[in-house]
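Chemist: sequence first, then the predicted structure, then my questions.
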Amino acid sequence: MIKGFLSSKEGEEAIENFKKGLNSLLDILAPSAIAVTPYYLQLGEIFCQTLYVYAYPRYLQTNWLFPIINSDVNCDISLFIYPQSTPKVMEMLKKQVGRLESTRHIEEEKGLARDPELETAIQDVEELRDVLQKGELKLFQFALYITIYSSSLEELKVLVKEFESLLAGQLVYTKNALFRSEQGFNSTLPIFSDELTVLRNLDTGSLSTAIPFVSSTLTSNAGVLYGLNRHNNTLILFDRFELENANMCVFAKSGAGKSYAVKLEILRTLMFGTDVIVIDPENEYKPLVNAMGGFYLSLSLNSPERINPFDLPVVYDQSETGEEILRSAVVTLHGLLKLMLGELTPEEDALLDRALFETYALKDITADPATHKNPPPTLSDLANVLANMPGAASILSRLQKYTEGTFAGFLNKPTNIVLRPGFTVFSIRDLEEELRPIAMYLVLTYIWNAIRFNPKKRILVIDEAWWMMQYEDTARFLYGLAKRARKYHLGLTVISQDVEDFLTSRFGKAVVSNSSLQLLLKQSTASIEVVAETFNLTEGEKYLLLESDVGEGLLFAGSNHVAIRVISSFTEDRIINGDLSFLSNF
C-alpha cells in the first residue's frame, strides 16, 4: 500500500460515515417522535388508531364501504385478499358438512327440537360446495383494516365511535387493534405488509362488494347537462328543480369561466320551456339573448325603459289580501328609499313610513284590492306629501336628486315595460355606480311582483351579486328572495367573483345556506381560506380549486359534491358568443 492512500476497508468505512451525515428520504418522512400505547399511536403531533373488521353479515350490500371512503375524515384503508385453493377448500367443506350432519343426527336421536341455525349452516355449506364445483366463484380470505388520524386524542375517540357506528349499522363489526397499535399502523401503510392477519372467508360475490370502485355521481334520467365528472368521466345530469330548492351560487375568480357555465345552463334550460331572467351588470348576456330571440332591456338615465317603484303586483288569485299586498309594497319601497337616501333617524323612518301610505291614498289606493287597479303614484307624489309634513325637510332635500335633479328621469316615471315569457335580460351597465345597487333592488322588486302571483318554472340570474352585499337593505332583500323562491318555482342563481365580500356578509352566508347548488371554479389564493371554511373543503379540494383550469372546479348538489369540467358543443359555444354565421352552412 502506498503511503497516503486508504485501504479498501478503510475507504468503505469512510464512505459509510459520510453517508450517515447526509439527509435521506427517511429523515424527511419520519416524524419527530413516535409514542406507542396499547390503544393508539402518536406520530409527532398526530394521533392514530387502527380498527379491524372481525364479523360480516350473511349478505353484504353493494358499496357498503361507500360512507367510509367518501367521508371527510383523514384515514387509511387496507384490504388484503388471499386466494384459496379450490380443491383444498372443497375437501375442508366436505369434512365440515360431515361434522354438521353428524351433529344433526345426534340431536334427532336425542329427540331434541329442530335447530334452525344448524340447518342454515348445512344449507350454506352445501350451496357453497355446489358453486365452487361448478367454478361459478372462488373462496378468499379477506382482511380489512382502517387507520384513523386526528390532531387531538379527544377528536380521535369521537371519530372512532362514528366509524364503528357507520359500519355496525350495516352489521359489519369492528374492534380496536388493542396492544397491537403499531402492527395496525404498519398494516395500513402502502408496503403490502399484513401484520395483524385478522382474516375472514368471503366468496367472490361478497368480496366484490368491498372493492372501492366507487365515486360520487350526479346523474339522473332527466334534467340539464352541467358537465363531466372528473372522477370517472360520467355525465353530471340532473334537474335542479327536483332538489330541496332550485337556488344556485357560483363563485370563482375573474376569467375562471363562471359566466360561461351559467350561460351554458341557460341555453340548455330554455330548451325545456323554462323562463330565464338575467340581471346583467356588464352586457355579457347581450349576444346570447340576441341569438335566442329574447328581450334585452337596458336601464340607464338615457334609455326609454322605465320601472315605477310604486307599482303594485297584478293578483291572479286571492292568496293574499289587499292589505297584505299594500303593506308588502310599502315595506319594499321603504327599503329602496333607505338605499337611496342613506341613514335615517328613527323619527324620519316613522315619518317616511306614514308618507308612503298617504302617497298611495293620494291615488285612492287602499287595502281594497279593487283600488289597486288605479294608476300608481310616483316619487314626485311622495315628494309632494313630504313637503306638507313637518320634520320631513331633510328627507325631501335628499329625495330631490331623484325627482328634480340629476337622476330625475330614472325612478320618477310610470312603468313602460312588460315581463314576457322566455329569455329576458335587464342590463344596468350604463348606469352610474351609485345607481347600480338601486337598480338591482328595483329590478328584483319588479320581477318578484311579476312572478309571485303567477308561479311557473323560472330561473333568475343575478351576475356580480357582490354589489348587493355592500348594502344591508339590498343584501336582506336578496336573502329574503332566496328563502321564498322555492314556493314560487323560482330558481335563483347568484354569481360573484368577489368571494370574500359575499361570504363575509351574514346575508351572503345565509344565501349560500339556502342554495342546494354551489359551483366553485378556480379560486385565488387570497380567498381560498374563506371558501374552504364556508364549504368545509378538504386540503385536496382546496388545491384542486387553486390549480383548476378554466371551466373546472367543484359542484355541490344537496349532499353530494363532485369535481366538474364544464363542456359545450361547437354549436353551443357559437350561440353563447353570439356568432350565428355557422347557420349559413345549413
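Modeler: Done, it's in.
Chemist: for the rest of this, base every contact and every neighbour count on C-alpha atoms.
Modeler: Fine.
Chemist: same question for the longest strand along the chain, mean pLDDT?
Modeler: The residue-count maximum for a strand in the chain (DSSP state E) belongs to strand 139-150. For strand 139-150, the mean per-residue pLDDT is 93.
Chemist: strand partners of that strand, parallel vs antiparallel please.
Modeler: strand 46-55 (antiparallel), strand 75-83 (antiparallel), strand 200-203 (antiparallel) (DSSP bridges).
Chemist: of those strands, which is nearest Val511?
Modeler: Set against Val511 and scored by Cα to Cα, these come closest in strand 75-83, at 32.8 Å.
Chemist: chain center to that closest one, what's the gap?
Modeler: 32 Å (Cα atoms, centre = their mean, to the nearest Å).
Chemist: ok, then the element right after that strand?
Modeler: Moving toward the C-terminus from strand 75-83, the first helix or strand encountered (DSSP states H and E) is helix 86-109.
Chemist: list the helices and strands that next one packs on?
Modeler: helix 116-134 (3 or more Cα pairs under 8 Å, 6 or more residues apart in numbering; DSSP states H and E).
Chemist: what mean pLDDT does the helix it packs on get?
Modeler: 81.
Chemist: list the buried ones in that helix?
Modeler: 122, 125-126, 128-129, 132 (16 or more other Cα atoms under 10 Å).
Chemist: I'd like to know which of the residues you listed is nearest to Arg398.
Modeler: Checking these against Arg398 by Cα to Cα gives Leu128 as the nearest, at 88.0 Å.
Chemist: where does the stretch 101-250 of the chain have low pLDDT?
Modeler: Scanning the stretch 101-250 of the chain for pLDDT under 70 picks out 213-219.
Chemist: repeat the analysis, applying 90 as the threshold.
Modeler: Residues of the stretch 101-250 of the chain meeting the criterion pLDDT under 90: 101-140, 166, 169-170, 190-192, 201-225, 227-246.
Chemist: pretty sure Tyr40 sits against Ile46.
Modeler: No: Tyr40 lies out of contact with Ile46 (Cα atoms under 8 Å); the separation is 10.5 Å.
Chemist: who has more neighbours, those two?
Modeler: For Tyr40 and Ile46, the more surrounded residue by other Cα atoms under 10 Å is Tyr40, and the numbers stand at 26 against 15.
Chemist: returning to what we had before: closest to Leu341 among the buried residues of helix 116-134?
Modeler: Leu128 (82.2 Å).
Chemist: for Arg565, give the beta-bridge partners.
Modeler: Arg565 forms beta bridges with Leu228, Glu552, as assigned by DSSP bridges.
Chemist: what about it, distance to Trp466?
Modeler: 25 Å (Cα to Cα, to the nearest Å).
Chemist: can you check Phe556 too?
Modeler: Counting by Cα to Cα - Phe556 and Trp466 are separated by 21 Å.
Chemist: so between these two, which is more surrounded?
Modeler: Neighbour count, other Cα under 10 Å: between Phe556 and Trp466, Trp466 has more, with 23 against 20.
Chemist: contacts only, for the more buried one.
Modeler: Counting by Cα atoms under 8 Å, 6 or more residues apart in numbering, Trp466 makes contact with 496-499, 501-502.
Chemist: which among the residues you listed end up buried?
Modeler: 496-499, 501-502.
Chemist: got CSV for these, with secondary structure, pLDDT and distance to Ala30 too?
Modeler: Formatted as CSV, these follow (DSSP: H, G, I helix; E, B strand; the rest coil; pLDDT from 0 to 100; distance: Cα to Cα, whole Å):
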residue, secondary structure, pLDDT, distance to Ala30
Ser496, strand, 87, 43
Gln497, coil, 83, 41
Asp498, coil, 76, 41
Val499, helix, 79, 39
Asp501, helix, 74, 42
Phe502, helix, 80, 42
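Chemist: just send those residues back as JSON lines, with distance to Val289 too.
Modeler: Below are the buried ones among the contacts of Trp466 laid out as JSON lines (distance: Cα to Cα, whole Å):
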{"residue": "Ser496", "distance to Val289": "21"}
{"residue": "Gln497", "distance to Val289": "22"}
{"residue": "Asp498", "distance to Val289": "25"}
{"residue": "Val499", "distance to Val289": "27"}
{"residue": "Asp501", "distance to Val289": "29"}
{"residue": "Phe502", "distance to Val289": "27"}
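Chemist: looks like Thr269 contacts Leu225 (just checking).
Modeler: No: counting by Cα under 8 Å, Thr269 does not reach Leu225; the two are 9.3 Å apart.
Chemist: contacting residues around the residue lying closest to Leu379 once chain neighbours are set aside?
Modeler: Spatial nearest neighbour of Leu379, chain neighbours left out: Asn412 (5.3 Å); criterion: Cα to Cα, 6 or more residues apart in numbering. Listed by Cα under 8 Å, 6+ apart, the contact set of Asn412 reads 308, 378-380, 402-403.
Chemist: for the residues you listed, which one is nearest Lys542?
Modeler: Asn308 (45.5 Å).
Chemist: burial of the closest one, as a residue count?
Modeler: Asn308 has 20 nearby residues by other Cα under 10 Å.
Chemist: other residues contacting the host helix or strand of Glu324?
Modeler: Element membership for Glu324 (DSSP H and E) is helix 322-341. Helix 322-341 is contacted by residues 309-310, 312-313, 344, 352-353, 356-357, 366-369, 395, 398-399, 438, 441-442, 445, 471, 473-474 when judged by Cα under 8 Å, 6+ apart.
Chemist: pull up the gap between Ile365 and Leu352, please.
Modeler: Distance of Ile365 to Leu352, computed by Cα to Cα: 17 Å.
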